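> below: sequence and its predicted model.
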Amino acid sequence: MTTQQSHNVGPSHKSVEAGVTTVIGIFGAIVVYGSIKAGINWGAEGPKAGFFPFYIGLFIIISSLINLWNTLREDDGNLFAEWGQLRQVFSVVIPTGIYVGVLPFIGLYVSSMIFIAWFMRWLGKYEWPIIAAISLGMPVVTYLIFERWFLVPLPKGPLEDLLGL
Amino acid sequence: MEEIANLFQGFAVALQPFNIAVMVLGIVLGVIIGVLPGLGGANGVAILLPLTFSMPPTSAIIMLSCIYWGALFGGAITSILFNIPGEPWSVATTFDGYPMAQQGKAAEALTAAFTSSFVGALFAVVMITLVAPLVAGFALRFGPAEKFAVYFLAFCSFVGLSKEPPFKTIAAMMIGFALAAVGLDSITGQLRLTFGSTELLNGFDFLIAVIGLFGLGEIFLTMEEGLRFQGGKAKIDLRVVLRTWMSLPQYWMTSLRSCVIGCWMGVTPAGATPASFMSYGIAKRVSKNGNNFGKGEIEGVIAPETAAHAAGTAALLPMLSLGVPGSPTAAVLLGGLLIWGLQPGPMLFVEQKEFVWGLIASMYLGNLVGLIIVLTCVPIFAAILRVPFSIIAPLILVLCAIGAYSVHNSTFDVVMMLVFGVIGYALKKCNYPLAPLVLAIVLGDKAEEAFRQSLLGSQGSLGIFFSNTLVSTIMILGLIALFWSVIQNGFTRLRTVAA
């Protein structure tokens, strides 16, 4: 990891880590709240449903506070990542989000084809013939292995209905 | 001896043609998984788990465990050839493996790594054969308090042994426990922490978490580097293998020591990574070539590989005999048992003899088959790394989606997988360990059940966990593990004061 030269290069490790730790702490608070709603006392059949998670939530809050304290106390000046690196990460996260979002509607095969083709064209700059070979080949192989040989059904969309698969 | 007879019956099961085919398939898939970036043992096994739904349980576990052995072998290939550890426990292999490859001795390093892996695994399997039935027999007498104490010990050793800050380990672990608690409470039948959402009724499945945290998270991390993989070439010919084999017996002491360290550390969770580092460290201190360590010393490859493989294999001992997995991959295998309708734990040795001994026999055969396959096929596996990442990454992402979907045939799970992927990326970047999180999701319900049942028996007094010698011993061991780094610091300080 590089030491921080200027603030424009990327977010500091310290600020991101403090953010993550805070989110974990809030998660702990939600767990505590949910547990109290479920009941944390003893009922007729022993400890109620919220008894165990209540303490788990407390542990999360306490350890997050300690982690937050440790994070804020020491500043090593390290970067979390450069903006360029984060952009690359998001250039995968966002399309994957779209892929996951449309998958229930157009089926796994069609969405995978588009996803692979997009990825190879956009990030890999491949020629269309190679892209076509892989983005069409992968779903076909997947279909044969999962649906035919191992009898695992995968989500299908309008195209598969049309083809009668 | 009854065990020997059982083992031979196990061999009869493992040697059925279908099971042999499944074994070879598993090893090959496993090595590919181990070699590919973004696919490790745990999520590789998780993605391929649905393929086994239609198989008999014994064949299914043979295939999945062989994927695991394959992934362990595969990790060594990338460590030595490309200085990229495929798994955390192959980090120590890069220290001397990669320098050897740079000096043109890649074939020797690979042969030594594969052979040591095999030796380590074999040692651990022999131990499992002899010890697991005894432990299981012993564990049959465990009540809820003892069961909880075992979970307690397992999770405490994470805190004490992992190299991450202890409170981060605790936080990660508790997140796992909280996620496990979501949904239907198994004792009272009441809903909790669902906040009115119907999707959360059944809680979080750890397989989805594994695929997201380890699979997608890893891909996102790799994207950060922009990844330009420089594929190298490697070839092992028979003469080099034989020459290296001739030189290995002189390091028998290192091997034996690493086997023992590996087995010892592997039985406690989170053991494989510290085992490989510890074994490397001790070998460096003891060896007469210690000064050459880090510059391409063959002993520096033997020590961590033997220990890591012994630990990886030994992680199955507590999973089989106690139902407590020793590593995330063992946890996925345990999840498989549940899906195939088997109850993990000591009763397996009584009720599912064919399954248990078939699995143990397949460990002997699988590692032998694995050794032969990796020694002969290294060029092919190394060539996989020459496939550019922009082709491999979308294929892996699609595979992850397929794996996540087919666990419960639910597209909501695929969305959860992506959420876990982003969480995994953030946590990993911030130094939170992911293995305890996953293990807590797996064991959360059981640990809670044992805890509440013990308290029911004692009317709410925590004294039940110290009520007899057995349970107190386990609890005290747990506390020692929990405060291990504090104890160690104390000793070091005492020693410096004395000196």
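Right, received. Where do you want to start?
> does the helix or strand encompassing A:Leu72 reach chain B?
Per DSSP states H and E, A:Leu72 falls inside helix A:51-73. Yes: under the criterion of CB under 8 Å from any CB of the partner chain, chain B is reached by helix A:51-73 at A:51-53, A:56-57, A:59-60, A:63-64, A:66-67, A:70. No exception for glycine: its C-beta is placed from N, CA and C like everyone else's.
> now the residues you listed: which count as buried?
Using 16 or more other CB atoms under 10 Å in any protein chain shown as the burial test, these include A:51-53, A:56-57, A:59-60, A:63-64, A:66-67 as buried.
> for B:Phe466, see how far away the residue lying closest to B:Ile474 once chain neighbours are set aside is.
Of all residues not flanking B:Ile474 in the chain, B:Ala149 sits nearest, at 3.8 Å (CB to CB, 6 or more residues apart in numbering or on different chains). Using CB to CB, to the nearest Å, B:Ala149 is found at 9 Å from B:Phe466.
> any common contacting residues for those two?
Both B:Ala149 and B:Phe466 are contacted by B:Met475, under the criterion CB atoms under 8 Å, 6 or more residues apart in numbering or on different chains.
> who has more neighbours out of the two?
Remark: of B:Ala149 and B:Phe466, B:Ala149 carries more neighbours, 26 against 14, as counted by other CB atoms under 10 Å in any protein chain shown.
> which ones are touching B:Ala139?
Counting by CB under 8 Å, 6+ apart, B:Ala139 touches B:150, B:321-322, B:345-346.
> mind doing that once more with 6 Å?
By CB atoms under 6 Å, 6 or more residues apart in numbering or on different chains, B:Ala139 lies in contact with B:322, B:346.
> can you give me the neighbour number for B:Val131?
As a burial measure, B:Val131 scores 15 neighbours (other CB under 10 Å).
> neighbours around the closest residue in space to it that isn't next to it in sequence, how many?
Distances taken as CB to CB, 6+ apart place B:Leu317 nearest to B:Val131, at 6.6 Å, with adjacent residues excluded. Counted with other CB under 10 Å, residues neighbouring B:Leu317 total 23.
> wait, doesn't B:Leu317 sit right on B:Ala132?
Yes: here B:Leu317 lies in contact with B:Ala132, judged by CB atoms under 6 Å, at a distance of 5.4 Å.
> list the residues that contact both of these two?
Common neighbours of B:Leu317 and B:Ala132 (CB under 6 Å, 6+ apart) do not exist.
> quick one: buried residues of the helix or strand containing A:Leu86?
Using DSSP H and E, A:Leu86 maps to helix A:83-106. By 16+ other CB under 10 Å, the buried positions in helix A:83-106 come out as A:85-86, A:88-89, A:92-93, A:95-97, A:99-100, A:103-104, A:106.
> out of these, who's near chain B?
Subset of the buried residues of helix A:83-106 in contact with chain B: A:85, A:88-89, A:92, A:96, A:100, A:103-104, counting by CB under 6 Å from any CB of the partner chain.
> get me the contact residues on chain A for chain B.
Contacts of chain A with chain B, taken as CB under 6 Å from any CB, map to A:17, A:20, A:24, A:31, A:34, A:38, A:46-47, A:49-50, A:52-53, A:56, A:59-60, A:63-64, A:66-67, A:81, A:85, A:88-89, A:92, A:96, A:100, A:103-104, A:112, A:115-116, A:119-120, A:123-124, A:150-152.
> if we can go back for a sec, closest one to B:Gly75 out of the buried ones among the residues of helix A:51-73 next to chain B, please.
Ranked by distance to B:Gly75 (CB to CB), these are led by A:Asn67 at 30.1 Å.
> that closest one is in contact with A:Thr22, isn't it?
No: in this structure, A:Asn67 is not within contact of A:Thr22 by CB under 6 Å, at 9.7 Å.
> low-confidence ranges, chain A, go.
Scanning chain A for pLDDT under 70 picks out the ranges A:1-8.
> and it, what are its domains?
Domain assignment for chain A by automatic domain parsing gives A:13-73, A:83-163.
> the shortest one spans what distance, first to last residue?
The separation between the terminal residues of domain A:13-73, taken as CA to CA, to the nearest Å, is 13 Å.
> what's the spacing between that domain and its chain's center?
Offset of domain A:13-73 from its chain centre (CA atoms, centre = their mean, to the nearest Å): 21 Å.
> downstream of the lengthiest helix in chain A, the next helix or strand is which one?
Ranked by residue count under DSSP state H, the longest helix found in chain A is helix A:13-38. Using DSSP H and E, the next helix or strand after helix A:13-38 towards the C-terminus is strand A:42-43.
> any idea how far stretch B:468-485 is from the middle of the chain?
23 Å.
> so does stretch B:158-167 get close to chain A?
Yes: Stretch B:158-167 is in contact with chain A by CB under 6 Å from any CB, via B:Phe167.
> how long is that stretch from one end to the other?
11 Å.
> go through stretch A:124-138 and flag the buried ones.
Residues A:126, A:131, A:134-135, A:138 are the ones in stretch A:124-138 that count as buried (16+ other CB under 10 Å).
> for B:Ile77, what are its contacts?
Contact analysis of B:Ile77 by CB under 6 Å, 6+ apart lists B:35, B:381.
> which of the helices or strands spans it?
helix B:57-82.
> what is the rounded mean pLDDT of that helix?
Helix B:57-82 shows a mean pLDDT of 87.
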